Structure formats: structure tokens, C-alpha cells
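Colleague: sequence-free structure coming up:
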């Protein structure tokens with residue numbers, strides 16, 4: 001039996017780490033979690049054990065799996081990047097999804113759209129390996145957790161279900177702009193709504209959307225997001241990565257002022273147009289369905305719910321030297337490790 005460490009800095013990392021924890025436990029391994037910043041005080045289901053930074057170092061794990069941009073480089077073991085979302089082009093490649101921070105040994109990519117750019121970077125920089133595994137967060141989406149989704153959908157009583165999700169980035173968030181339009185749709189009652197917000201959204205915004213809950217709507221927490229995606233027929237969102245997560249199910253998405261609208265989205269910029277855009281989503285034409293299929297294949301073609309197994313296999317291949325010899329990490333990685341030491345208050349060896 002080997003010991004493994006899971007690392008997250010925000011609550012939204014927990015659904016990414018959870019399926020991998022189950023896979024590690026099923027293989028007989030010990031699983032521990034170091035949860036900091038916005039994830040501090042949270043926990044993964046037992047028997048995953050939450051540890052502090054000193055316990056994490058003493059653990060000497062075989063690998064550290066990160067659902068964050070960083071990873072504690074001073075903890076032993078292979079450092080594996082799982083990603084905390086899809087590339088939704090919120091920022092330029094140099095600052096966003098394809099930014100290499102010099103701290104990871106292995107990038108477990110989600111699909112061709114992510115794999116190709118990271119492999120090009122790996123060939124140039126040579127201090128990390130890349131394996132396309134699919135995304136652990138989506139394992140439950142394809143494993144048929146129908147009972148949980150059915151329970152979330154039950155209050156709809158046969159009505160179509162819309163999921164609303166919004167990013168926390170103020171300049172991109174639909175939540176402040178669409179509240180009145182969504183409230184009108186909820187009040188009409190011909191569809192049932194599942195409402196959720198990014199954990200970093202302002203508390204006042206949470207209060208406004210929670211207040212819409214009733215016979216025609218429910219507010220769902222971040223940990224329920226994958227189940228909510230499975231339960232919903234259509235997604236309403238903005239530039240959140242939930243758009244990509246939802247599309248891999250081959251379901252329509254309506255986006256409000258998306259930063260980089262694509263053919264698979266029904267994008268709009270006037271809240272008054274919401275009813276029309278929802279109507280289009282519930283009756284998608286052949287062209288839209290083809291665009292949805294093509295995009296889903298490019299970002300996450302695997303639909304078997306076994307990404308976590310492939311992540312573990314890729315990590316073992318890395319440790320066995322099967323992915324080649326890696327160069328030493330750049331100084332930028334050392335500096336980021338120093339910053340994380342300071343944040344976590346750890347200065348031991």
C-alpha cells in the first residue's frame with residue numbers, strides 16, 4: 001500500500017479530487033488531503049484523512065495530486081496537475097490555462113484541445129510530461145449516478161429543467177445582470193430551475209439567488225454541481241468552465257456575453273432576450289447539435305467515467321520512468337514553492 005496526497009485551495013477542487021480518492025482507496029492505498037485557502041475547513045468523505053502541512057511533509061507521499069494552480073513542492077512525491085477547470089479563454093494563454101508554472105511533473109489533460117498545446121510546451125521545456133487521461137471531476141457524470149440526479153430533478157414534476165451557473169469574475173459574471181430575468185422565468189413556473197454560483201461570488205449575490213428557491217427552483221451547492229449538470233436539460237451560464245463541463249453531455253448551453261462565443265453556444269447580450277434563447281436551446285437544430293458534438297469531442301472525448309484510473313496509471317508510468325527523463329525545474333518553480341511555504345507557514349526540510 002502506498003500513501004497519496006490530494007491538494008486543493010478552493011472548495012471547487014473537492015469534486016475534482018473526490019473521484020480520484022475513491023479510485024485510490026479501491027486500489028488499497030492510503031489517501032490524505034491538504035486543503036488550504038478557500039478549501040480550509042472542508043473535508044473529503046472518509047476514509048480520506050485531512051492533514052496539515054507538517055503532516056503532509058511527514059507522510060512522504062508517492063504522489064501529490066493538485067486541483068489548483070500550485071502544489072507544495074517541498075512535499076515529496078510526483079507532482080501531478082489535474083486542472084480546476086476547462087480552458088474557457090478567460091485570459092490569454094500566457095496567463096491562463098496553458099501557463100506553465102514550473103512546479104508539476106505531470107499534466108493529466110482533459111482532451112485533444114488541451115493535450116496538443118501542453119505537449120508542444122513539454123517538448124520545448126522538457127521538465128514535465130503530458131498524458132491525456134480525461135478529467136476526474138467528470139467521472140461521476142458518466143458513471144450513471146441516476147438516483148442522485150433523479151432526486152434533484154424530482155421537484156420539477158415532469159417540467160424541463162434549467163441549470164444556471166455563473167463565474168465569480170466580475171467583468172464576466174452573468175449573475176448580477178440576469179437576476180431579474182431569471183426571477184421572472186422562475187415565477188412563471190413552466191420550467192424548473194437549479195441555481196448555483198461560484199463559491200467566490202459576493203455573499204449578497206448568494207442571498208439574492210437563494211431567495212429564488214421555492215416550488216419552481218432550488219439552490220444547489222458547489223459540491224452538488226456535477227449532479228445538477230446530470231439532472232438539467234439546458235444550461236444558462238456566462239464564461240464559466242461549467243459551460244464546457246455541461247457540453248460534454250451533448251446538451252445545449254445558453255451563454256450571456258461569453259468572452260469567446262463558439263458555435264456550440266447560444267450567446268446573447270440583452271437580458272430581455274433570455275426567453276427566446278431558452279426556447280432555442282430546448283429545440284436545438286441539426287447545426288447546433290453538430291457543433292455541440294464537435295466541441296465535446298475536442299475537449300473531452302472520453303465518456304467511460306474512468307479518468308481517475310488513467311490518472312493513477314499515468315502517475316505510475318511517470319514514477320517508473322516510462323515517460324522519459326525530465327529536466328530540472330526552472331527557477332520560477334522554486335520561487336513559487338517558496339511563496340507557498342510562506343503562505344502555509346512551513347520552513348522545515
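Modeller: Right, received. Where do you want to start? Only a predicted model underlies this, so the values are computations on that prediction, with no experimental measurement involved. Residues are numbered from 1 along each chain as shown.

Colleague: Show me how the record splits this protein into domains.
Modeller: Per automatic domain parsing, the structural domains of the chain span 3-139+305-344, 146-299.

Colleague: can you redo these as CSV with mean pLDDT and mean neighbour count?
Modeller: Yep, even glycine has a C-beta here, placed from its N, CA and C like the rest. Output for the domains of the chain, formatted as CSV (pLDDT from 0 to 100; neighbours: other Cβ atoms under 10 Å):
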stretch, mean pLDDT, mean neighbour count
domain 3-139+305-344, 94, 19
domain 146-299, 96, 18
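
Colleague: Quick check: the spatially most central residue of the chain vs residue 259, distance?
Modeller: Most central residue of the chain, judged by C-alpha distance to the mean C-alpha position with Cα atoms, centre = their mean, is residue 85 at 3.8 Å. Distance, residue 85 to residue 259, using Cβ to Cβ, to the nearest Å: 14 Å.

Colleague: Contacts only, for residue 172.
Modeller: 90, 238, 239, 257, 259 (Cβ atoms under 8 Å, 6 or more residues apart in numbering).

Colleague: And these, which two are furthest apart?
Modeller: The two members of the contacts of residue 172 with the most space between them (Cβ to Cβ) are 90 and 257, at 12.6 Å.

Colleague: what residues are shared contacts of these two?
Modeller: Common contact partners of residue 90 and residue 257 (Cβ under 8 Å, 6+ apart): 172, 239.

Colleague: What ranges does the stretch 201-349 of the chain have for its helices?
Modeller: Taking DSSP state H, counting those that start in this stretch to define them, one finds helices in the stretch 201-349 of the chain at 203-210, 225-231, 242-247, 274-281, 286-299, 307-319, 331-344.

Colleague: Ok, which of those comes nearest residue 176?
Modeller: helix 203-210 (6.7 Å).

Colleague: From the contact counts, what lies against that closest one?
Modeller: Contacts defined by 3 or more Cβ pairs under 8 Å, 6 or more residues apart in numbering; DSSP states H and E place helix 203-210 against helix 175-188.

Colleague: 10 Å instead, please
Modeller: helix 175-188, strand 192-195, strand 217-219 (3 or more Cβ pairs under 10 Å, 6 or more residues apart in numbering; DSSP states H and E).

Colleague: Dump the ones you listed to a markdown table, plus distance to residue 123.
Modeller: Below are the helices and strands packed on helix 203-210 laid out as a markdown table (distance: least, Cβ to Cβ, whole Å):
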| stretch | distance to residue 123 |
| --- | --- |
| helix 175-188 | 41 |
| strand 192-195 | 43 |
| strand 217-219 | 46 |
